[in-house]
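Engineer: predicted model, plus sequence, below.
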Amino acid sequence: APAWRTSPNSMPAKSMISRGLILHKKMIILVNGMIQHWYSDGLRFSCTGCGGCCTGEPGYVWVNRAEIKALADALGLRVEEFERQCARTVGIRKSLIERANGDCVLFDAKTRKCRGYDARPRQCRTWPFWASNLASPADWKEMAECCPGCNRGRLVSYQAIREL
């Protein structure tokens, strides 16, 4: 990957231009000759526990072996039981199963909570700081219209976001 994509902070603009890299103008900005992500001052987020990120449109919640084991332990199941009840194979990977309405199999509709919250997979722990939501201010704004915890609560630093 280009250095500017993996760098935790920024790279000199001149260096970027001299390498002939094309910059996604929405994702990064030029500040004092340095390229920075648009969210370099951090973003506000505080989970409200609404469950919106666990419900709705279908998709994949990728889980690795360690996450499957942790979730199985959290639910008091053997790994094999957890995989049979809660996971599906997609190619060579595993994803949590969704119910017919799109809800995650771990989402409890009565309590509106995740049954495996303390052991939730990385994909769930890093919401809403996914690359697709951070691609541009417009993408963040669109996602924030559906997520009541976005743009509220504590300021999550740029460094903390990059470390997720």
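Structural biologist: Received, thanks.
Engineer: please make it C-alpha for all contacts and neighbour counts, starting now.
Structural biologist: Fine.
Engineer: tell me which helix or strand of the chain sits lowest on mean pLDDT?
Structural biologist: Between all helices and strands in the chain, the lowest mean by mean pLDDT, DSSP states H and E belongs to helix 3-6, at a mean of 31.
Engineer: please look at residue 67 and residue 124 and confirm they touch.
Structural biologist: No: with contacts defined as C-alpha atoms under 8 Å, residue 67 does not count as touching residue 124, sitting 11.1 Å away.
Engineer: and the helix ranked longest in the chain, what does it pack onto?
Structural biologist: Of all segments of type helix in the chain, defined using DSSP state H, the longest is helix 65-75. Where contact means 3 or more C-alpha pairs under 8 Å, 6 or more residues apart in numbering; DSSP states H and E, helix 65-75 is packed against helix 79-86.
Engineer: outside of the helix it packs on, which residues touch it?
Structural biologist: Outside helix 79-86, the residues that touch it by C-alpha atoms under 8 Å, 6 or more residues apart in numbering are 68, 69, 71, 72, 73, 96, 97, 105, 106.
Engineer: residues in contact with residue 139?
Structural biologist: 132, 133.
Engineer: that one belongs to a helix?
Structural biologist: Yes: counting by DSSP: H, G, I helix; E, B strand; the rest coil, residue 139 falls inside a helix.
Engineer: and the gap between it and residue 45?
Structural biologist: 15 Å (C-alpha to C-alpha, to the nearest Å).
Engineer: what ranges do the strands span in this protein?
Structural biologist: For the chain, applying DSSP state E gives strands covering 11-12, 28-31, 34-37, 43-45, 62-63, 87-90, 93-96, 107-108, 113-114, 150-156.
Engineer: got the buried residues for the longest one?
Structural biologist: With burial defined by 16 or more other C-alpha atoms under 10 Å, the residues of strand 150-156 counted as buried are 150, 151.
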